[in-house]
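Student: I need the structure of the sequence given here:
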Amino acid sequence: MTYQNGRYGALDIGTVTCRLLVADVEDGAVREVAKEYAITDLGVGVDASGCLSEEAMERVLACVARYLQVLAACDTPDHPVRGLIAMATSAARDAANADEFAARLAALGVTLTVIPGQREAALTFAGASTDFPGENLLVVDIGGGSTELIAGRAGADPVAAHSFDIGCRRVTERFLRNDPPAADEMAAARAWMGEEMAPYFEHLAAAGFAIDRVVAVAGTATSVVSVREAMTTYDSTRVHKARVSADELAAIEERLAAEPLAVRKTCVGLDPKRAGVIVAGLVILEEVLGLAGADGYTASESDILKGMILEAARA
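Tutor: Numbering: from 1, shown residues only. This next block holds a predicted model:
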């Protein structure tokens with residue numbers, strides 16, 4: 001793969017978060033210049049209504065306007081920004097009014113691409129696999145509306161990739177209606193996830209693909225590390241490539257699932273804005289590990305944003 005050296009921006013508009021990465025690409029290596037993150041909850045109510053709400057779109061538009069100022073500050077004579085790539089995932093895929101949202105972003109000067117789940121999976125694998133050369137990986141990306149599972153050897157194309165309509169926002173709205181979630185709600189959510197995802201793992205087993213490492217990206221997986229380490233200030237250097245055992249994950253899930261939302265919001269290491277969907281995210285991650293027969297996962301800060309930067313720089 002050939003890449004054009006230079007500075008690029010990547011904007012990832014997800015169901016729960018809106019994120020920006022500005023990075024320099026040099027001979028295929030990606031060096032972070034600036035990174036921004038905000039919980040904007042674009043996908044609130046989309047599973048039931050099929051539309052993006054006005055309030056949710058306004059939140060994201062305000063966030064993007066702020067990010068464009070960050071991008072402009074990184075655009076210098078010595079290091080001009082060669083381009084900005086902007087993508088939206090599950091919530092925009094599901095929404096009947098996604099074209100309206102894209103038009104409003106275009107008015108800000110941002111060209112939005114709503115990518116299918118398979119493309120999201122491929123970009124995520126490209127970003128996450130760079131840190132584990134030569135290993136057989138299962139990359140897990142738990143979003144608000146969907147979860148991508150991508151298996152393959154680092155440095156090669158994925159052998160099996162699938163985007164499931166199983167995300168922490170979707171599961172919360174569909175199943176976890178009590179505060180805290182009731183035992184039967186949790187059981188129903190787990191049963192549904194298992195039924196949906198089991199064929200994927202059966203396919204991997206039939207193909208003889210042996211998983212060396214489960215790599216989990218995005219907010220659910222990284223929040224577990226932050227909570228475990230009781231981080232009062234999030235430290236990505238401590239999170240990236242941290243190992244989390246299945247037992248540690250289960251202990252955090254059981255603790256947070258037993259707490260009402262008001263208490264969960266006070267948890268050290270957890271973004272209060274993520275507290276409403278974190279339990280569902282943890283359950284998804286637990287189910288993936290169980291189906292994979294894995295005793296833990298490696299958290300990664302290299303995800304779809306890195307894959308998007310490489311996509312923008314592709315010659």
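
Student: what's the weakest-modelled helix or strand in the chain?
Tutor: helix 90-94 (a mean of 78; mean pLDDT, DSSP states H and E).

Student: Pull the distance from that helix to the chain's centre.
Tutor: Distance, stretch centre to chain centre, for helix 90-94: 14 Å (Cα atoms, centre = their mean, to the nearest Å).

Student: just checking, next helix/strand downstream of it?
Tutor: Where DSSP states H and E defines the elements, the next helix or strand beyond helix 90-94 is helix 98-106.

Student: Quick check: neighbours of whatever helix or strand comes next after that next one in the sheet, parallel or antiparallel?
Tutor: Downstream of helix 98-106, the first helix or strand assigned by DSSP H and E is strand 112-114. According to DSSP bridges, strand 112-114 forms sheet pairs with strand 81-88 (parallel).

Student: Other residues contacting the partner strand?
Tutor: The contact list for strand 81-88, computed with Cβ atoms under 8 Å, 6 or more residues apart in numbering, reads 4, 6-14, 22, 42, 71, 74-75, 98, 101-102, 105, 110-115, 120, 123, 304, 308-309, 311-313. C-betas here are computed from N, CA, C, even on glycine.

Student: Do me a favour and get the end-to-end distance for stretch 63-83?
Tutor: 19 Å (Cα to Cα, to the nearest Å).

Student: ugh, typo on my part, it should be stretch 6-26
Tutor: 7 Å.

Student: Got phi/psi on the residue nearest the centre of the chain?
Tutor: Centrality entry for the chain: nearest residue to the mean C-alpha point is residue 218, 3.6 Å, by Cα atoms, centre = their mean. Phi and psi for residue 218, reported as degrees, to the nearest 10, are phi 80, psi 180.

Student: Next one: it relative to residue 10, how far apart?
Tutor: Remark: distance between residue 218 and residue 10 (Cβ to Cβ, to the nearest Å) = 15 Å.
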